[in-house]
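Peer 1: A structural model of the following input is requested.
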Amino acid sequence: MAEAPVADARVPVLMYHAVASDPSKATRALSVTPRAFAEQMAAIADRGLTPVGTAELAAAWRAGGPLPKRPVLITFDDGYEGVHRHALPVLAKHGFPATLFVTTGWLRGPYGTGGALDTMLDWDQVRELAAAGVEIGGHSHSHPQLDQLREDRLRHELIHCKEIIADQLGAAPASFAYPYGYSDRRVRRAVRDTGYAQALAVGNGLAHRRQGPYALRRVTVRRRTGPEEFARLVEGRAIARTFARDRALTKGYAVLRGTRRAWTRMSGAGA
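Peer 2: Here you go, the predicted structure:
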């Protein structure tokens, strides 16, 4: 397999959520239909891209080693049941690796706390995904905005999530994804100190080694993402233009979030 110099790689990291024909209202905008997902994976294969895992990408960048030619990452957040029902057969058909970041308190089973936005995976399904080669990463326990939490709650969300995954799968997760994509220096440090080797944000830009292992960017795939836009995402074209509105909203919200964090810390209240 041809390889590319690691320092030169700008990698599209695709962020999926639910894969469902009839998702809940809460997940619809960030869902894709099973048919669309199958067509998107076929497009990746047709273009000669090479899917890699999150841990594989981060390890290559950490060591300064090479990556396969035209790498791309396929990631799923939260742990919706359609990842097993609809996405797994398509991934297996193409032999594609992927990463699933699970919110442990949302999954069906002994650790469920409620609050999930749609039908979630159970732990037997998560184990089947792991056995099929899907990397299982952490996505917190209850899906809060981590940068708004006090230190004790932040640590609990990270550690409890990691311990549950280790208990259910027999191995601790190496990768993490920030709920809502939100993090700050304190959160990234806590993720590192919990033992995660790398973490993904959103940012709607291509991932690059210089972002560091705890702030790797992803691009959002949604229900309105058509074939032409998807082709631009995986080829790394016109990313800034595609997500211009998202970035403007993110910048505005960042100011509000910073003010809220400062008030929380001054008042000593949790979020």
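
Peer 1: please, where are all the strands along the protein?
Peer 2: Per DSSP state E, the chain carries strands over the ranges 3-4, 10-11, 13-16, 50-52, 67-68, 71-78, 99-102, 135-138, 175-177, 198-203, 207-208, 216-220.

Peer 1: any chance you could map the helices in the stretch 1-150 of the chain?
Peer 2: 34-46, 54-63, 82, 88-94, 123-131 (DSSP state H, counting those that start in this stretch).

Peer 1: for those, which one sits closest to residue 183?
Peer 2: Of all those, helix 54-63 sits nearest to residue 183, with 15.7 Å by C-beta to C-beta. Any C-beta I mention is one placed from the backbone N, CA and C, and that applies to glycine too.

Peer 1: just the pLDDT for the nearest residue to residue 142 once chain neighbours are set aside.
Peer 2: Excluding its sequence neighbours, the residue lying closest to residue 142 (C-beta to C-beta, 6 or more residues apart in numbering) is residue 105, at 4.6 Å. pLDDT recorded at residue 105 is 98.

Peer 1: now do residue 105: how many residues are near it, please.
Peer 2: By other C-beta atoms under 10 Å, 20 other residues sit near residue 105.

Peer 1: hmm, it is touching residue 115, no?
Peer 2: Yes: the pair residue 105 and residue 115 passes the contact test of C-beta atoms under 8 Å, sitting 7.0 Å apart.

Peer 1: re earlier: mind putting the strands of the chain into a markdown table with mean pLDDT and mean neighbour count?
Peer 2: Supplementary listing: the strands of the chain in a markdown table, determined by pLDDT from 0 to 100; neighbours: other C-beta atoms under 10 Å:
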| stretch | mean pLDDT | mean neighbour count |
| --- | --- | --- |
| strand 3-4 | 58 | 14 |
| strand 10-11 | 94 | 18 |
| strand 13-16 | 98 | 24 |
| strand 50-52 | 97 | 21 |
| strand 67-68 | 90 | 18 |
| strand 71-78 | 98 | 25 |
| strand 99-102 | 98 | 28 |
| strand 135-138 | 98 | 24 |
| strand 175-177 | 98 | 28 |
| strand 198-203 | 96 | 24 |
| strand 207-208 | 95 | 20 |
| strand 216-220 | 97 | 23 |
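
Peer 1: next, format those as CSV and append distance to residue 109.
Peer 2: Below are the strands of the chain laid out as CSV (distance: least, C-beta to C-beta, whole Å):
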stretch, distance to residue 109
strand 3-4, 40
strand 10-11, 33
strand 13-16, 22
strand 50-52, 28
strand 67-68, 35
strand 71-78, 15
strand 99-102, 11
strand 135-138, 14
strand 175-177, 20
strand 198-203, 24
strand 207-208, 32
strand 216-220, 27
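
Peer 1: for those strands, which one sits closest to residue 187?
Peer 2: Judged by C-beta to C-beta, the one of those that comes nearest to residue 187 is strand 198-203, at 8.9 Å.

Peer 1: okay, the closest one in CSV with CA atoms only?
Peer 2: Presented in CSV, the C-alpha positions along strand 198-203 are these (Å, rounded to 0.1, in the frame of the first residue of the first chain):
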residue,chain,number,x,y,z
GLN,A,198,-6.0,11.1,21.8
ALA,A,199,-9.3,13.1,21.5
LEU,A,200,-11.4,14.4,18.7
ALA,A,201,-13.3,17.8,18.6
VAL,A,202,-15.4,19.0,15.7
GLY,A,203,-14.2,22.3,14.2
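
Peer 1: contacts for that strand?
Peer 2: 13, 15, 54-55, 58, 75, 101, 174-178, 180-181, 183, 188, 191, 213-218, 220 (C-beta atoms under 8 Å, 6 or more residues apart in numbering).
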